[in-house]
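# model the structure of this input:
(2 chains)
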There are 2 protein chains.
Amino acid sequence: MDAAVTGPAFDLSRWSSERLARVEQSLSAWVNPDAPAGLGEAMRYAVLDGGKRLRPLLVLAAAEAVQGNGQAALRAACSVELIHAYSLVHDDMPCMDNDVLRRGKPTVHVKFGQARALLAGDALQALAFELLAPEDEGIPAGVQAALCRLLAQAAGCHGMAGGQAIDLASVGRTLTENELRHMHRLKTGALLQASVMMGAACGAPAARAQNALSAYGAALGLAFQVVDDILDVTADSQTLGKTAGKDAEQDKPTYVSLLGLERSREHARELLVQSLSALDDSGLSDVRALRALARMVVEREN
Amino acid sequence: MDAAVTGPAFDLSRWSSERLARVEQSLSAWVNPDAPAGLGEAMRYAVLDGGKRLRPLLVLAAAEAVQGNGQAALRAACSVELIHAYSLVHDDMPCMDNDVLRRGKPTVHVKFGQARALLAGDALQALAFELLAPEDEGIPAGVQAALCRLLAQAAGCHGMAGGQAIDLASVGRTLTENELRHMHRLKTGALLQASVMMGAACGAPAARAQNALSAYGAALGLAFQVVDDILDVTADSQTLGKTAGKDAEQDKPTYVSLLGLERSREHARELLVQSLSALDDSGLSDVRALRALARMVVEREN
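Below is the predicted model:
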């Protein structure tokens, strides 16, 4: 029997909307407009009112699965979103992908100028770590330090930033599937997997659960990128909220260029199965939200 | 009697050279060349073999004054230097100050291209936080979390990044002395003061010592900037290792443009006295290195 269909029906959209309300409210409170000289405005523009908030939902779902500290989880959820948002701001800049449209709106540098976009990204990264180490919140220092460690590793040169460097260096080159996988594991996979592991770090899961969540996060992170590559080809800009067809136009290696559309879809399904079967091995009693999020990642249309 | 001349003679250059050797060795080990696609190379270029390392020395001097955890202090010392280095990389980029010379060498974007400079800066910021939260180093989690908090606050939108945003918005404007001070307190003062406070956080100083160190760091941070403004006018590019006369050329408000050269020098001396008298009130038994560093900041020639 397919483990994915066992258990009572789970309403992801209801589960998500309750949590997203808290995430949006917290982001709005923490990304404060009072930062000087228009910086706060640019930071808010980059973060608020947009995005699927997949990473925060993964943090919260994992934290709930391990009965983790709720306040730590909310902070971790917002902090990974800030890292994601800053990476988009910098990635859209003219010296990188030079994109003018993001979430259906002008990109930050188009709206606020390149200098302020650069600084807003920098300040969002700092704020992400600031959120993780509050002074008086009753979050154990060991949890705070673990969250900082996981986020820093995922964001840095052996994670997201490293993946973007490989991406830049790959334009116009043909990559093997191994090279492509390595690039994506760093570029998008590391932060998605870290979201899951940060949620786990809000509690004290057994080693078995921790390993299972790590495997789940790794498979889901790669699935996300495979689907991203598919959607870049199959969806239009309006549906995506960003410029479609950019990968081919910029001659970037993708799963679709490497494997073709059908084999890419198959690969996404295989990764979904991997992520779900990791959850089956976790020994955790309620992984319904994690399971539903993995399905959403693979079945999404934007 | 001038407190600055009490106590046995203190050899700052000997004190510094022993500590700088450790800092350089640690930076070289931690800023690893194996980051992918040339990113590690750009990061190392940005960090190694250059700079006065004032911030690391402040961390170590403060940590020694409070008998703090040595391993934590070394990590904190390197982490503030990484934040400083990343800010220079981004600040030099064409969309910011557009500078081609730094520490007597081509700036990172000149050498590695803008995209890689942007990513190297981003990755250095992440690495700074990664250094502060090691998994197995015997550094108490409470110290790790406090260091992350202090560094994030100093680097972010109410610290360094915020100060740079004000700086950008101030070009061609006349600022009052209060506005200028506010800009510099954020832009350079916050990270210098944080260096002192991070050193203090490696130990457990009494409130009196903590307040004194905070006042010392604030006065020293401002003094640093006043002297920077003076040197921009009085020193040549070779001595500075960066382009001299940039402030006037870019029509940036400075202490010299606001107060004139003589009054600026006087202000730097006043701030030195403030910083030294804060140390006198600290109740700490050995503040000789902190004292000597404050003198060095005000008396330096580059």
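# quick check on the nearest residue to A:Asp251 once chain neighbours are set aside: phi, psi?
Once flanking residues are discounted, A:Asp251 sits nearest to A:Gly172: 4.9 Å by C-beta to C-beta, 6 or more residues apart in numbering or on different chains. No exception for glycine: its C-beta is placed from N, CA and C like everyone else's. When read as degrees, to the nearest 10, the backbone of A:Gly172 gives phi 80, psi 0.
# check A:Asp11 too.
phi -100, psi 90.
# tally up the residues packed near it, please.
11 (other C-beta atoms under 10 Å in any protein chain shown).
# got a list of what it touches?
A:Asp11 makes no contacts at all, as judged by C-beta atoms under 8 Å, 6 or more residues apart in numbering or on different chains.
# can you tell me how far it is from chain B?
36 Å (C-beta to the nearest C-beta, to the nearest Å).
# could you do A:Arg149 as well?
Counting by C-beta to the nearest C-beta, the gap from A:Arg149 to chain B is 4 Å.
# spatially nearest residue to that residue (excluding sequence neighbours)?
Counting by C-beta to C-beta, 6+ apart, the residue nearest A:Arg149 is B:Ala133, at 4.0 Å.
# surely the one you found and A:Gln153 touch.
No: checked against C-beta atoms under 8 Å, the pair B:Ala133 and A:Gln153 is beyond contact range at 9.2 Å.
# and these two? which has more neighbours close in?
B:Ala133 (28 against 21).
# could you pull out the strands in the stretch 201-302 of chain A for me?
In the stretch 201-302 of chain A, no strands are defined using DSSP state E, counting those that start in this stretch.
# which residue is the nearest non-sequential neighbour of A:Tyr227?
Quick fix: residue A:227 is Val, not Tyr. A:Ala268 (5.3 Å).
# which residues does the one you found contact?
Contacts of A:Ala268 (C-beta under 8 Å, 6+ apart): A:223, A:226-227, A:230, A:298.
# ok, the residue nearest to A:Arg149 - contacts?
A:145-146, A:148-149, A:152, B:144, B:148.
# against B:Ala194, how distant is it?
Going from B:Ala133 to B:Ala194 by C-beta to C-beta, to the nearest Å gives 16 Å.
# ok, A:Arg44 next?
25 Å.
# ok, these two, which is more surrounded?
B:Ala194 (29 against 17).
# how about the more buried one, secondary structure?
Secondary structure for B:Ala194, judged by DSSP: H, G, I helix; E, B strand; the rest coil, is helix.
# isn't it right up against B:Ser79?
No: using C-beta under 8 Å, B:Ala194 is not in contact with B:Ser79, being 10.1 Å away.
# give me the common contacts of those two.
B:Leu151.
# show me where the stretch 1-150 of chain A has strands.
Per DSSP E, counting those that start in this stretch, the stretch 1-150 of chain A carries strands over the ranges A:101-102, A:105-106.
# that older thread, buried ones among the contacts of B:Ala133?
A:145-146, A:148-149, A:152, B:144, B:148 (16 or more other C-beta atoms under 10 Å in any protein chain shown).
# how about the residues you listed in JSON lines, adding pLDDT?
Below are the buried ones among the contacts of B:Ala133 laid out as JSON lines (pLDDT from 0 to 100):
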{"residue": "A:Ala145", "pLDDT": "98"}
{"residue": "A:Ala146", "pLDDT": "98"}
{"residue": "A:Cys148", "pLDDT": "98"}
{"residue": "A:Arg149", "pLDDT": "98"}
{"residue": "A:Ala152", "pLDDT": "98"}
{"residue": "B:Gln144", "pLDDT": "98"}
{"residue": "B:Cys148", "pLDDT": "98"}
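# follow-up on the earlier one: look up how far B:Asn98 lies from the residue nearest to A:Arg149.
Distance from B:Ala133 to B:Asn98, by C-beta to C-beta: 35 Å.
# which residue is the nearest non-sequential neighbour of the residue in the stretch 201-302 of chain A that chain B sits nearest to?
Relative to chain B, the nearest point of the stretch 201-302 of chain A is A:Ala201 (11.3 Å; C-beta to the nearest C-beta). Excluding its sequence neighbours, the residue lying closest to A:Ala201 (C-beta to C-beta, 6+ apart) is A:Ala146, at 4.4 Å.
# ok, A:Ala35 next?
Closest to A:Ala35 by C-beta to C-beta, 6+ apart is B:Cys157, at 3.6 Å.
# identify the residues contacting the one you found.
B:Cys157 touches A:32, A:35-36, A:39-40, A:43, A:123, A:126-127, B:165, counting by C-beta under 8 Å, 6+ apart.
# just the buried residues of the residues you listed.
Applying 16+ other C-beta under 10 Å to the contacts of B:Cys157 flags A:35-36, A:39-40, A:43, A:123, A:126-127, B:165 as buried.
# in helices only, show me those.
A:39-40, A:43, A:123, A:126-127, B:165 (DSSP state H).
# let's have those in a markdown table, adding distance to B:Ser214.
Putting these into a markdown table (distance: C-beta to C-beta, whole Å) gives the following:
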| residue | distance to B:Ser214 |
| --- | --- |
| A:Leu39 | 24 |
| A:Gly40 | 25 |
| A:Met43 | 27 |
| A:Ala123 | 23 |
| A:Ala126 | 20 |
| A:Leu127 | 22 |
| B:Ala165 | 24 |
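# so which of the residues you listed is the closest to B:Gly260?
B:Ala165 (27.1 Å; C-beta to C-beta).
# please verify my assumption that that closest one contacts A:Gly38.
Yes: with contact defined as C-beta under 8 Å, B:Ala165 counts as touching A:Gly38 (6.7 Å).
# give me the neighbour count for A:Val59.
By other C-beta under 10 Å, neighbour count at A:Val59 equals 34.
# and A:Gln153, what element?
helix A:141-155 (DSSP states H and E).
# by neighbour count, which of the contacts of A:Ala268 wins?
A:Val226 (27 neighbours).
# so who does that residue touch?
A:184, A:255, A:264, A:267-268, A:271.
# apply 6 Å and report the result again.
A:Val226 sits next to A:255, A:264, A:267-268 when contact means C-beta atoms under 6 Å, 6 or more residues apart in numbering or on different chains.
# equivalent analysis for A:His90, please.
A:His90 neighbours (C-beta under 6 Å, 6+ apart): A:121, B:118.
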